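**Q** kindly generate the corresponding structure for this input.
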Amino acid sequence: MLIPGFEWFVAWRHLRDPERRSRRLLKLGVGLIVLSGVALAVVAIASRRPHAALHGTSGWSPSSLSATYILATTKTGACIGLAVGGLLAFLGALFASFTVFTAISIFGVFLGTGAPIVALSVMSGFEADLKTKIRATKADVVVNMRDDAPFTEWRAAQERVGAVPGVVASMAYLESEVIIKHVTNPAGMGIILRGIEPSRAGKVLDLARTMPQGEGKVEYLDHPEQIPTDEADLLRSYPSHQDKDDGKDDDKEDGKDDGKDDGKDDEDKDSKRAKAKVAEAAAARIVRPGVLLGEELYARTLRVYLGSDVDIACPMCGVGPSGPMPKLKSFRVAGHFYTGMYEFDSKLAYVSLAEAQKFLGMPGEITGIEVHTSTPEVAVDVASEIERRLGPKFEVRSWEELNRGLFAALKVEKVGMFIGLVFILLVASFSVISTLLMLATKKGREIAILKSMGAENSAVLKIFVAEGLYIGFLGMFFGLATGIAGCLMLSRWGLPLDPDIYYIQKLPVVMRGSEITLICLAAVGLCCLATLYPAWLASRTRPVEGLRYD
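**A** Numbers count the residues shown, from 1 in each chain. Sure, this is the predicted structure:
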């Protein structure tokens, strides 16, 4: 064996030889955990019955806002108390089992392992969430013509793309910058109008998932006559029906009224009159092509509803006697989508491909073909194969190429965070060096006795290497368990975030085995390197020096 069992036993006895055992820190940590648990239980009960728990017993009657703030503050403090109490209890358990310096060294390795696991898992969660949002509005592979040449023979190209292994579906699209406006925003604003094939959109894009239930459908782009009407927008668009025949019904009913239940009759008359106005306006309403709007555009900028009419203007699409002139067309809101990315939700609108070609004056022409692959990882290989089959006239790019700058920045940020967190392990490794140096000085007599009994320098070297491995593996094991447990808790309950600010409801967490393995190897590797000098120094100790004063 490389390190016999005797060396392991001696190393373990060296680490577990405290002069005095203290359990005060352990008791403090456990007490803090108990108090925090009680506080969380009280918050849970008070949240279910806030008035009985906060108002009824003490006679104190704070406002609802104050009670909510108190509960939220108490819950946050209790969660922090649980975390701090757990760390104190763990450190106290180490103090009760090992020497003080050994306990501090193990605790340093524990922090240096657990903290990077949680941090990098959260970073990976943000990266995965970003990829999901991009795939909801952008395909895995995009095919365009080079040199801005007109893309007219796209049906043949689409058939060849569909025959490539790894391609699940493809869809032609047409894109242009336009101006959209509504009566709530008469000045208008610039957006990106994308014409898509609604029958293929469900297989290429994830639009259906991003659209709220019952608030629109992608199919409405092909069948705009099925779009529900917005009554307020309907009457505003057709004011001629608002006051029509208002006095006639009253005159007819006045002669027949017997004087009883006047209030109820008036309400029934108003309800019937309103329904008649809406029905009359709906019958006179023209069927307009549908448009899907991003959430920010739909709810905050234009403030429209399902069935509202909006005007879209293309500054350079019309042709007049003096040349290009603006072209204006009305569309009907067929729904709205929420991707969670502000640039998409505030600047993107979808219409059917046929309507986009007609409106933009580009019959039979498209901007490109979007391709959905079986997995995002094969997009690069699929893009290379598509480019080989289509020829040099076409430019084929995967989602990684289209978003190269964004994901490169995320990668650099993750690497920088890993390097920064590894400094915790470096500090812990210096602690391991100091611990082993003190052990080598303190255990000089025992080392001298072993050498006088025939132990070689290599045996002493192995003992101190084993001590470093004990510290590294114990700290790594507890850090690994705590890091994974923390990630699972964040993934299960999550840290709630304000979606209006962060565009995400809770902190995303994705654990990756490669990252966790790298962290564990770094922890054990640094601890092994930290043992080399103290072990070499202890192995060079001469027996006469250790026994000089005995």
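**Q** name the SS class of residue 173, please.
**A** The three-state label given to residue 173 by DSSP: H, G, I helix; E, B strand; the rest coil is strand.
**Q** and it, how many neighbours?
**A** Residues contacting residue 173 under the criterion other C-beta atoms under 10 Å number 23. Heads up, the C-betas are built off the backbone N, CA and C, glycines and all.
**Q** residue contacts, it?
**A** With contacts defined as C-beta atoms under 8 Å, 6 or more residues apart in numbering, the neighbours of residue 173 are 194-197, 353, 366-370.
**Q** which members of these are positioned in strands?
**A** Among those, the members falling in strands (DSSP state E) are 194-196, 368-370.
**Q** top of those residues by number of neighbours, please.
**A** Going through those with other C-beta under 10 Å as the criterion, the one with the most neighbours is residue 369, at 26 neighbours.
**Q** coming back round to it: which among the contacts of residue 173 gets closest to residue 122?
**A** Comparing these against residue 122 with C-beta to C-beta picks out residue 370 as the nearest, at 30.7 Å.
**Q** okay, now the nearest residue to that closest one once chain neighbours are set aside: neighbour count?
**A** Residue nearest to residue 370 in three dimensions, not counting chain neighbours: residue 139, with 3.3 Å by C-beta to C-beta, 6 or more residues apart in numbering. For residue 139, the number of neighbouring residues by other C-beta under 10 Å comes to 24.
**Q** strands of the stretch 1-150 of the chain, start to end?
**A** 141-145 (DSSP state E, counting those that start in this stretch).
**Q** kindly report the same for the stretch 201-350 of the chain.
**A** For the stretch 201-350 of the chain, the strands defined by DSSP E, counting those that start in this stretch occupy 290-294, 309-320, 323-337, 348-352.
**Q** can I get these in TSV with mean neighbour count, mean pLDDT and distance to residue 514?
**A** Conversion of the strands of the stretch 201-350 of the chain to TSV gives the following (neighbours: other C-beta atoms under 10 Å; pLDDT from 0 to 100; distance: least, C-beta to C-beta, whole Å):
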stretch	mean neighbour count	mean pLDDT	distance to residue 514
strand 290-294	27	94	35
strand 309-320	16	82	47
strand 323-337	20	87	34
strand 348-352	25	94	35
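**Q** list the helices and strands the one helix or strand residue 411 maps to packs on?
**A** Per DSSP states H and E: residue 411 is located in helix 404-442. For helix 404-442, the elements it packs on are helix 100-137, helix 457-492, helix 513-539, judged by 3 or more C-beta pairs under 8 Å, 6 or more residues apart in numbering; DSSP states H and E.
**Q** try it again at 10 Å.
**A** For helix 404-442, the contact count by 3 or more C-beta pairs under 10 Å, 6 or more residues apart in numbering; DSSP states H and E identifies helix 5-15, helix 100-137, helix 399-402, helix 444-452, helix 457-492, helix 513-539 as packing neighbours.
**Q** dump those to JSON lines, plus mean neighbour count.
**A** As requested, those are arranged in JSON lines below (neighbours: other C-beta atoms under 10 Å):
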{"stretch": "helix 5-15", "mean neighbour count": "17"}
{"stretch": "helix 100-137", "mean neighbour count": "21"}
{"stretch": "helix 399-402", "mean neighbour count": "17"}
{"stretch": "helix 444-452", "mean neighbour count": "18"}
{"stretch": "helix 457-492", "mean neighbour count": "20"}
{"stretch": "helix 513-539", "mean neighbour count": "18"}
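**Q** how close does the residue nearest to residue 370 get to residue 367?
**A** In this structure, residue 139 lies at 12 Å from residue 367, with C-beta to C-beta, to the nearest Å as the measure.
**Q** likewise residue 309?
**A** Taking C-beta to C-beta as the criterion, residue 309 is separated from residue 367 by 26 Å.
**Q** can you check residue 127 too?
**A** Using C-beta to C-beta, one obtains 28 Å as the distance from residue 127 to residue 367.
**Q** could I get the CA-only coordinates of stretch 385-396 as PDB?
**A** As requested, C-alpha coordinates have been extracted for stretch 385-396 and formatted as PDB (Å, rounded to 0.1, in the frame of the first residue of the first chain):
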ATOM      1  CA  GLU A 385     -24.300  20.400 -42.900                       C
ATOM      2  CA  ILE A 386     -27.000  22.800 -44.100                       C
ATOM      3  CA  GLU A 387     -24.400  25.200 -45.400                       C
ATOM      4  CA  ARG A 388     -22.700  22.400 -47.200                       C
ATOM      5  CA  ARG A 389     -25.900  21.200 -48.900                       C
ATOM      6  CA  LEU A 390     -27.200  24.700 -49.800                       C
ATOM      7  CA  GLY A 391     -24.000  26.100 -51.200                       C
ATOM      8  CA  PRO A 392     -22.000  29.300 -50.900                       C
ATOM      9  CA  LYS A 393     -24.900  31.600 -51.700                       C
ATOM     10  CA  PHE A 394     -26.400  31.000 -48.300                       C
ATOM     11  CA  GLU A 395     -25.200  32.100 -44.900                       C
ATOM     12  CA  VAL A 396     -26.100  29.600 -42.100                       C
END
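**Q** many thanks, have a good one.
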